[in-house]
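Peer 1: Got a sequence here, can you build the structure:
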Amino acid sequence: MTLLVSACGAVGGGASKLDIKVGGKDFTLNIKSGGVYYGNIISTTPGKPNVQTFAHDIYLANYELDTTSGATMRKPLTTPDQMRVELQLTGEDGTKTESPFKVATYSAKADKINRVRSIIIVTFTDGKETKTAFETMGLTPKADGDVKLTAVTADSISGEVNLSEGDKSIKGTFTAKLPKAK
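Peer 2: Predicted coordinates:
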């Protein structure tokens, strides 16, 4: 169960970039804008206690995102030069929507907490949007690597991405502005 957004924020400019391999092609995503969507999940497993964690989405794009909401940040791409990376991280047990990010390493191989929950690369080819997801869920996730948040302030997060699965990969650095506190 994913709960509603609490707040959104925009990414800061700068030299943040990601080297991406997907669909047999190499790309460099020079991050122009992005946003953070604060969310929450409750994981249930029969016979075990529920686990509640934050599920914060980081959107990184090479075009100007509308950071009004999570839905506006996921608007379909419209031109071949546009690209977006969507990363969802979950926190520690007991965290929720309003829980802040922490300097930490979020692994694609972790169980339910402190993990990379989803990785999606969105490109525009042959006149349509294409979403390529890494397999991070289930008993044997195929994605490997991690997202390291190296700095967290009241205004932004900075980090490093090093994720792969088969012939897909994302590697590089980013800085994202956080939503303003309510």
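Peer 1: what residue of the protein is the furthest out?
Peer 2: What lies farthest from the middle of the chain is Gly47; by Cα atoms, centre = their mean that is 30.2 Å.
Peer 1: Can you report how many residues lie near Glu86?
Peer 2: Residues within reach of Glu86, counting by other Cβ atoms under 10 Å, total 21. All C-beta atoms are positioned from the backbone trio N, CA, C, and that covers glycine.
Peer 1: So it is in contact with Ser118, correct?
Peer 2: Yes: contact criterion Cβ atoms under 8 Å: Glu86 and Ser118 qualify, at 7.1 Å.
Peer 1: Residues contacting stretch 68-86, please?
Peer 2: Residues outside stretch 68-86 that contact it (Cβ atoms under 8 Å, 6 or more residues apart in numbering) are 5, 8, 18, 20, 27, 29, 34-35, 37, 39, 57-63, 65-67, 118-125, 129, 170.
Peer 1: repeat for stretch 149-160
Peer 2: 12, 36, 58, 100-106, 147-148, 172-178, 181.
Peer 1: Quick check: buried residues in that stretch?
Peer 2: By 16 or more other Cβ atoms under 10 Å, the buried positions in stretch 149-160 come out as Leu149, Val152, Ser156, Ile157, Ser158, Gly159.
Peer 1: how long is it end to end?
Peer 2: Terminal residues of stretch 149-160 are spaced 7 Å apart (Cα to Cα, to the nearest Å).
Peer 1: So for it, mean pLDDT?
Peer 2: Mean pLDDT, stretch 149-160: 91.
Peer 1: which residues in the chain form strands?
Peer 2: Using DSSP state E, the strands of the chain run over residues 8-10, 17-22, 25-30, 33-37, 40-43, 51-61, 83-90, 104-107, 115-125, 128-133, 144-152, 156-165, 168-177.
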